[in-house]
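[1] Next one to model:
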Amino acid sequence: MSERETLSSRLGFIMLSVGCAVGLGNVWRFPYITGKYGGGMFVLLYLIFLVLLGYPLLVGELSVGRCGRANLVGSANRISGNKKIWNIIFQTVFTGNFILMTYYTVVSGWLLAYTKYYLTSSIAACTTPAAFAQCFGALTANPLESLLYMLITVVIATVVCCFGLQNGVEKSVKVMMFLLFLLIFVLAANALTLPGSGKGMSFYLMPDWQKFSSNIGETVFAAMGQAFFTLSLGVGSIAIFGSYINKSLSLAGEAITIIGLDTFIALMAGVVIFPCCFSFGVDPGSGPGLIFISLPNTFAKMSGGQWWGALFFIFLTIAALTTVIAVFENLIAYLMDQFNFKRRAAALITGGAVAICAIPCVLGFNLWSRFQPMGKGSTILDLEDFIVSQNLLPLGAVTLALFCSLKYGWGWEGFTTEANTGKGLKFPTQCRWYFRYLLPLLILTVIFFGYKQLFG
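    Numbers count the residues shown, from 1 in each chain. Okay, here's the model as predicted:
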């Protein structure tokens, strides 16, 4: 086996990890779900559950990767001494990375398409929500156009990964994350100058105790679910980057930095979106259509709206592409670690397989639209997202928590020793009971209420 690649700097590790975590969950789902559940109180609960759920799982996943020096599956096998039960479960949940890409690349393609629409002024004729809905419907109903933009997304990720870990993945994500932070500051500054922006920020940041008290259970569950899903932990998406770093710094401290930057992007997305919504009378809880229908309607009413719309969709596209590239790297590393593929061959296989398997998601909105696997009005994308978000992610998270805390797995001493190796903040060694009992219980609660919400 060839010598394992490493990242060139701590900054590269942080940016790659944040780039993997930052995605549409931060800048698409977080704002509209915050709007749906009353603003500031939801944000407060989200931050609490981020500490209770996201932080320990992130430390666990990074620790497994750094100790095993491989992808999630390879690392778990090395650490556990190839115990069959762990291999079966981790192999199963790892498929979540591939399934995620079969629909995430399609949505990323839509963002690319909207970026082109704004840059070429082809969306200028749209001036009402109905017109923007028709525009988005026309995009998803055209299989060739959706397929084209999905393939562009796949090709970008494949080419970047072909150039290597440092020269391709690390350098490109560093540049994209710099642009991401720059764009979100520019967009937020513009949003805060809009008339009515104060009302939007008040709704966003001030807890609405009356609304919270009338719907406590659903709001708490929604905050718990968002905190759990925002980092995409459980399927090994970030473990791979732990395998690329040395042991000079403790992972407890690194996890706080990653979560802090990820949360900052999510919160800043709210600063961009809520003032726009309140300034132009758009419902911030209007669901996934907020991005492709409602917000474009606000840009149409702004001075220079075409260019603000272009910047916004460039921002979203970059956020999506950093996740795609990071997950592609994880899939490529799996092929290299488990089957000794060369990087270029692994990248081409990954890109080709994702492109082929993403076709059903594209067709689910047009030629195969009669197939509604999750009930009336659902699509293949809904089924794929259900498999990953509601099943593989939480299953992987429960497995990870037990793997780190049970003697039959890694064991608590082995996990905490790895997590606390190096300079910096130390992970508390007294919370083994939390990892073994309470953390899995919280995750199972997310699963239960998720199923209840979908099928209840």
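
[2] How about Tyr334, nearest residue that isn't a chain neighbour?
    Residue nearest to Tyr334 in three dimensions, not counting chain neighbours: Asn71, with 4.5 Å by CB to CB, 6 or more residues apart in numbering. C-betas here are computed from N, CA, C, even on glycine.

[3] Name the residues that touch stretch 40-54?
    When contacts are taken as CB atoms under 8 Å, 6 or more residues apart in numbering, the neighbours of stretch 40-54 outside the stretch itself are 30, 33-34, 203-209, 211-212, 219-220, 222-224, 226-228, 230-231, 233, 259, 263, 267, 270, 439, 442-443.

[4] all strands for the chain, in order.
    Per DSSP state E, the chain carries no strands over any range.

[5] how about low-confidence regions in it?
    In the prediction, the chain carries residues with pLDDT under 70 at positions 1-2, 285-288.

[6] run the last query once more with 50
    In the predicted model, the chain carries pLDDT under 50 at residues 1.

[7] Centroid-wise, who is the farthest residue in it?
    The outermost residue of the chain, judged by C-alpha distance from the chain's mean C-alpha position using CA atoms, centre = their mean, is Ala125 at 32.5 Å.

[8] ok, now how distant is that one from Tyr149?
    Separation of Ala125 from Tyr149 (CB to CB, to the nearest Å): 20 Å.

[9] same thing with Leu381?
    15 Å.

[10] One more: Leu233?
    Distance from Leu233 to Tyr149, by CB to CB: 28 Å.

[11] And those two? Which one has more around it.
    Each of Leu233 and Tyr149 had its neighbours counted (other CB atoms under 10 Å), and the higher figure belongs to Leu233 (26 against 23).

[12] Among the contacts of stretch 40-54, which are located in helices?
    When helices are assigned by DSSP state H, the members of the contacts of stretch 40-54 inside them are 30, 33-34, 203-205, 209, 211-212, 219-220, 222-224, 226-228, 259, 263, 267, 270, 439, 442-443.

[13] Any of those buried? List them.
    Burial by neighbour count, 16 or more other CB atoms under 10 Å: within those this picks out 30, 33-34, 203-204, 212, 219-220, 222-224, 226-228, 259, 263, 267, 270, 439, 442-443.

[14] that older thread, just give the nearest non-adjacent residue to the residue farthest from the centre of the chain, would you?
    In space, and not counting its chain neighbours, Ala125 is closest to Ala131: 7.2 Å by CB to CB, 6+ apart.

[15] Just give the number of residues close to the one you found.
    Using other CB under 10 Å: Ala131 sits among 15 other residues.

[16] same check, this time on the one 10 residues further on
    Residue neighbour count, defined by other CB under 10 Å, stands at 13 for Ala141.

[17] ok now do it, which residues does it touch?
    Contacts for Ala141 (CB under 8 Å, 6+ apart) come out as Phe365, Asn366.

[18] Tell me who's in contact with the closest residue to Leu24 other than its chain neighbours.
    Closest residue to Leu24 in three dimensions, ignoring its sequence neighbours and counting by CB to CB, 6+ apart: Ala320, at 6.0 Å. Ala320 makes contact with Gly23, Leu24, Tyr104, Val107, Ser108, Leu111, Thr153 under the criterion CB under 8 Å, 6+ apart.

[19] I figured the last one hits Thr105, correct?
    Yes: counting by CB atoms under 8 Å, a contact exists between Thr153 and Thr105, whose distance comes to 4.7 Å.

[20] Mutual contacts of the two, please.
    Looking at what touches both Thr153 and Thr105 (by CB under 8 Å, 6+ apart), the common residues are Val324.

[21] What values do phi and psi take at the residue farthest from the centre of the chain?
    When read as degrees, to the nearest 10, the backbone of Ala125 gives phi -70, psi -20.

[22] my guess is it contacts Gln134, does it?
    No: under the criterion of CB under 8 Å, Ala125 is not in contact with Gln134, lying 10.4 Å apart.

[23] show me the contacts for Met302.
    The neighbourhood of Met302, defined by CB under 8 Å, 6+ apart, consists of Leu194, Trp308.

[24] Check the gap between it and Cys276 for me.
    For Met302, the distance to Cys276 - CB to CB - is 8 Å.

[25] Now do the shared contacts for those two.
    With contacts defined as CB under 8 Å, 6+ apart, the residues adjacent to both Met302 and Cys276 are Leu194.

[26] that older thread, now the phi/psi pair for the residue nearest to Tyr334, please.
    Dihedral pair for Asn71: phi -60, psi 170, per degrees, to the nearest 10.

[27] Might one say that it is in contact with Leu335?
    No: under the contact definition of CB under 8 Å, Asn71 does not touch Leu335, with a separation of 9.1 Å.

[28] and these two? which has more neighbours close in?
    When Asn71 is set against Leu335 and neighbours are counted by other CB under 10 Å, the residue ahead is Asn71, at 28 against 19.

[29] so what's that one up against?
    Applying CB under 8 Å, 6+ apart, we find Asn71 in contact with Gly65, Phe94, Gly236, Ala239, Ile240, Ser243, Asn330, Ala333, Tyr334, Asp337, Gln338.

[30] burial count for Asn82?
    For Asn82, the number of neighbouring residues by other CB under 10 Å comes to 10.
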